[in-house]
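S.K.: No letters, just coordinates:
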């Protein structure tokens, strides 16, 4: 049982009764559908409603529900859309991309690749940071962690001084969605950016968190929203009109690894995924191809 999902379904159930005013039988059907979707999309107990993407829904329908009739799929789509609207109402969830998905799913097998930032645009983004100023030095180091290590913004915000082994050249990611640590090699250019920040930018503070604030609450830890804002601001300065968030840098990291011929298991380990299907959402590999090579992964055969 995933406690986070069960709590989320209780929230949804209360909304359906108290706000939507639906009948008991309808509420049960709605909740059962959404529960099945969440358990399928987050099998490793790393569920978070704010992490739901259109690709989660595409993969759910083209893989988990491929045996259902078009009519049944349409009913399920409608129920999941109801849940997304609940998230919009209750949490201010940004869901335009999901709500624009068609009410029928035949074209989803050819769904577009997830959005990632190109190398050229990444160069433009990185060039906007003024590394003659303390804030620019810090924000450049943040961007390098996102780009080079494929970290989530929450993981960058959670980096601690104690997470780095400078002798071995590694960083251990501890504050993860799945609550399991992973140790990554620290790229030389990433390490240099962090070193520059530590020596010439980071204010004097007793804070153990690596990235701290420069102005308001100076020396206090930055949160994920502050991390995201540093990149959004740089994207605006770079004129990247199609930039949708820090997840694009994470997608780009996965794309680079695939183009370099790195196997999916390694990519999953780097990104912190225990489920290969979760990695598939980021890399957008065809599910059929995934099945064809599944037996080559360690532990795939019993």
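M.R.: Nice, thanks for sending it over. Quantities reported herein were computed from a predicted structural model and do not represent experimental measurements. Numbers count the residues shown, from 1 in each chain.
S.K.: check contacts around residue 121.
M.R.: Residue 121 is in contact with 238, 240, 243, counting by Cβ atoms under 8 Å, 6 or more residues apart in numbering. The C-beta positions use only the backbone N, C-alpha and C, and glycine is treated the same way.
S.K.: Please tell me how far residue 21 sits from residue 174.
M.R.: Using Cβ to Cβ, to the nearest Å, one gets 44 Å for the distance from residue 21 to residue 174.
S.K.: before we move on, the earlier item: need the contacts of residue 121 in a markdown table with pLDDT, neighbour count and distance to residue 133, can you?
M.R.: Written out in a markdown table, the entries for the contacts of residue 121 read as follows (pLDDT from 0 to 100; neighbours: other Cβ atoms under 10 Å; distance: Cβ to Cβ, whole Å):
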| residue | pLDDT | neighbour count | distance to residue 133 |
| --- | --- | --- | --- |
| 238 | 94 | 19 | 17 |
| 240 | 91 | 19 | 21 |
| 243 | 86 | 19 | 22 |
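S.K.: for the chain, what helix or strand is lowest in average pLDDT?
M.R.: Sorting the helices and strands of the chain by mean pLDDT, DSSP states H and E puts helix 287-293 at the bottom, at a mean of 42.
S.K.: just the helices in the stretch 151-300 of the chain please.
M.R.: If you assign secondary structure with DSSP state H, counting those that start in this stretch, the helices in the stretch 151-300 of the chain sit at 153-158, 188-200, 224-237, 247-259, 264-271, 276-283, 287-293.
S.K.: What's the mean pLDDT across the first one?
M.R.: Looking back up the chat, that one is helix 153-158. Predicted confidence along helix 153-158 averages 92 (mean pLDDT).
S.K.: any residues touching that helix, and which ones?
M.R.: Against helix 153-158 from outside (Cβ under 8 Å, 6+ apart): 142, 145-146, 173-177, 209, 211, 221-224, 226-228, 231, 246, 272.
S.K.: swap the cut-off to 10 Å and go again
M.R.: Outside of helix 153-158, the residues within contact range by Cβ atoms under 10 Å, 6 or more residues apart in numbering are 48, 50-51, 141-146, 149, 151-152, 173-177, 182, 209-211, 221-231, 245-247, 249-250, 272.
S.K.: just the second one next, same as before
M.R.: If you take Cβ under 10 Å, 6+ apart as the criterion, helix 188-200 is touched by 126, 129, 131-132, 134, 136-149, 159, 161, 164, 166, 169-171, 184-187, 202, 210-212.
S.K.: Run through the stretch 151-300 of the chain and note the low-pLDDT ranges.
M.R.: Flagging of the stretch 151-300 of the chain using pLDDT under 70 yields the residue ranges 175-179, 274-300.
S.K.: residues in contact with the closest residue to residue 211 other than its chain neighbours?
M.R.: Counting by Cβ to Cβ, 6 or more residues apart in numbering, the nearest residue to residue 211 once its immediate chain neighbours are dropped is residue 222, at 4.7 Å. Counting by Cβ under 10 Å, 6+ apart, residue 222 touches 138, 142, 153, 156-159, 207, 209-214, 229-230.
S.K.: Now that we have the residues you listed, which of them are buried?
M.R.: The neighbour count (16 or more other Cβ atoms under 10 Å) marks 138, 142, 153, 156-159, 207, 209-214, 230 as buried among the contacts of residue 222.
S.K.: Can you classify the nearest residue to residue 136 once chain neighbours are set aside as helix, strand or coil?
M.R.: Residue nearest to residue 136 in three dimensions, not counting chain neighbours: residue 130, with 3.7 Å by Cβ to Cβ, 6+ apart. Judged by DSSP: H, G, I helix; E, B strand; the rest coil, the three-state class of residue 130 is coil.
S.K.: What about residue 130, how many residues nearby?
M.R.: Here the number of neighbours of residue 130 (other Cβ atoms under 10 Å) works out to 13.
S.K.: same thing with residue 34?
M.R.: Using other Cβ under 10 Å, residue 34 has 23 neighbouring residues.
S.K.: pLDDT of the helix or strand in which it is found, averaged?
M.R.: Secondary-structure assignment from DSSP states H and E places residue 34 in helix 24-41. Per-residue pLDDT values across helix 24-41 average out to 89.
S.K.: can you give me the offset of it from its chain's centre?
M.R.: When distances are taken as Cα atoms, centre = their mean, to the nearest Å, helix 24-41 is centred 23 Å away from the chain's centroid.
S.K.: surely residue 248 meets residue 116?
M.R.: Yes - at 5.2 Å, residue 248 counts as touching residue 116 under the criterion of Cβ atoms under 10 Å.
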